[in-house]
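Trainee: Predicted model and sequence below, questions to follow.
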Amino acid sequence: MTRSSTDGSADLEAVTAVLPRIRIGGERRAPAAAAASPSVAAVPREVVFQARGVGVSYGEKRAIAGVDLDIPRNLVTAIIGPSGCGKSTFLRSLNRMNDTVPGFRLDGQVLYHGHDVYGPGVDRVEVRRRIGMVFQKPNPFPKSIYDNVAWAPRNLGLREGLDARVERALRGAALWDEVKDRLKDSALGLSGGQQQRLCIARAIAIEPDVLLLDEPASALDPIATLAIEELMHTLKQRYTIVIVTHNMQQAARVADRTAFFSLDVSGSDRVGTLVEYDTTEMIFTRPADTRTRDYVTGRFG
Ligand SMILES: Nc1ncnc2c1ncn2[C@@H]1O[C@H](COP(=O)(O)OP(=O)(O)OP(=O)(O)O)[C@@H](O)[C@H]1O
């Protein structure tokens, strides 16, 4: 069937034209959405998180409501949507990062491997040990490169084989070759992109199960951004990754699945909701909801 441009298909074609191939490190590489055939991303997999009717409020302000979402293991799941629709709020609810925010309240359930993350007796420190997080702005400690990576293992009493652990984490974050001769130098002397990879090394040094990335490349230049994106393709073999990004091309390049959030506006009330969740390929080429289509084609947001 030929679709007319008035239904947005021309716009979709324009977006998907950027999907097919990108160049990373001199080598032609297909993005996740194209590299993994739709059947790979769509194939049923072990579920790591099940969000069931998740709503979050900060005091009187309802940030998100009614989010139902299953996040599969060893894939990259992207959360996209306009500013203020609750992407970070949802991400942070997965590892209880919002617990200390005054007025924070969560309704519904976040199940992690079937266990209620907010259940009685759950140890928040243990939750964060298993579910690591990297933030938008690289935030290394004012310590040496080595001590940044060794910090969490030391805190957990994992002192045996520490050098090997630090090396493994730095290799895992694709940083080892750049820093192996200056491990005792301050982390603050690294470039922004290196600092962000150091933060990833710091997160994986305690071998978590999940990595939550909140716009990890938005403060970086294009080369450093590509290095982080490249890294995600490798890291997902070992970790389940959930990434919040404003950059739709980035979602298209790195994510296997994409969740599109939007704002439901009623009067002065604006609440974030999950509009659509599917393989990245479907979200960017055949979205089921016109709001998704309008967003991915740049008509709003
Ligand atoms: N600590 C907080 N205290 C009060 N309100 C908050 C807090 N954090 C977020 N909010 C509100 O919750 C709503 C969702 O914010 P959130 O940062 O999760 O959205 P987002 O989609 O990640 O936004 P952006 O893309 O601009 O980063 C917004 O209205 C925001 O003002």
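Mentor: Thanks, I have it.
Trainee: At the contact with the ligand, which residues of this protein appear?
Mentor: Proximity of the chain to the ligand (Cβ under 6 Å from any ligand atom) is limited to residues 58, 61, 63, 81, 83-89, 101, 246, 272. Placement of C-beta: from N, CA and C, glycine included.
Trainee: List only buried entries from those residues.
Mentor: When the residues of the chain next to the ligand are checked for burial by 16 or more other Cβ atoms under 10 Å, the buried set is A63, G81, C85, G86, K87, S88, T89, G272.
Trainee: What is the three-state secondary structure of the first one?
Mentor: Just to be clear, that refers to A63. For A63, the assignment made with DSSP: H, G, I helix; E, B strand; the rest coil gives strand.
Trainee: correct me, but it touches V56?
Mentor: Yes: A63 lies in contact with V56 (Cβ atoms under 8 Å); the separation is 4.8 Å.
Trainee: re earlier: greatest separation within the buried ones among the residues of the chain next to the ligand: which pair is it?
Mentor: Farthest-apart pair in these is A63 and G81; separation 12.3 Å (Cβ to Cβ).
Trainee: Find the residues that touch each one of those two.
Mentor: G272 (Cβ atoms under 8 Å, 6 or more residues apart in numbering).
Trainee: buried set for stretch 57-68?
Mentor: Those would be S57, R62, A63, I64, A65, G66, V67, for stretch 57-68 by 16+ other Cβ under 10 Å.
Trainee: what does stretch 105-118 give?
Mentor: In terms of neighbour count (16+ other Cβ under 10 Å), stretch 105-118 has its buried residues at L106, G108, V110, L111, Y112, V117, Y118.
Trainee: how about the strands in the protein?
Mentor: In the chain, the segments counted as strands under DSSP state E are 22-24, 27-29, 47-58, 61-72, 76-80, 104-112, 115-116, 131-134, 210-214, 240-244, 257-266, 269-279.
Trainee: Mind putting the ones you listed into TSV with mean pLDDT and distance to T285?
Mentor: Shown next, in TSV, are the strands of the chain (pLDDT from 0 to 100; distance: least, Cβ to Cβ, whole Å):
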stretch	mean pLDDT	distance to T285
strand 22-24	31	17
strand 27-29	39	19
strand 47-58	97	25
strand 61-72	96	20
strand 76-80	98	15
strand 104-112	97	30
strand 115-116	96	36
strand 131-134	96	29
strand 210-214	97	24
strand 240-244	98	20
strand 257-266	94	11
strand 269-279	95	9
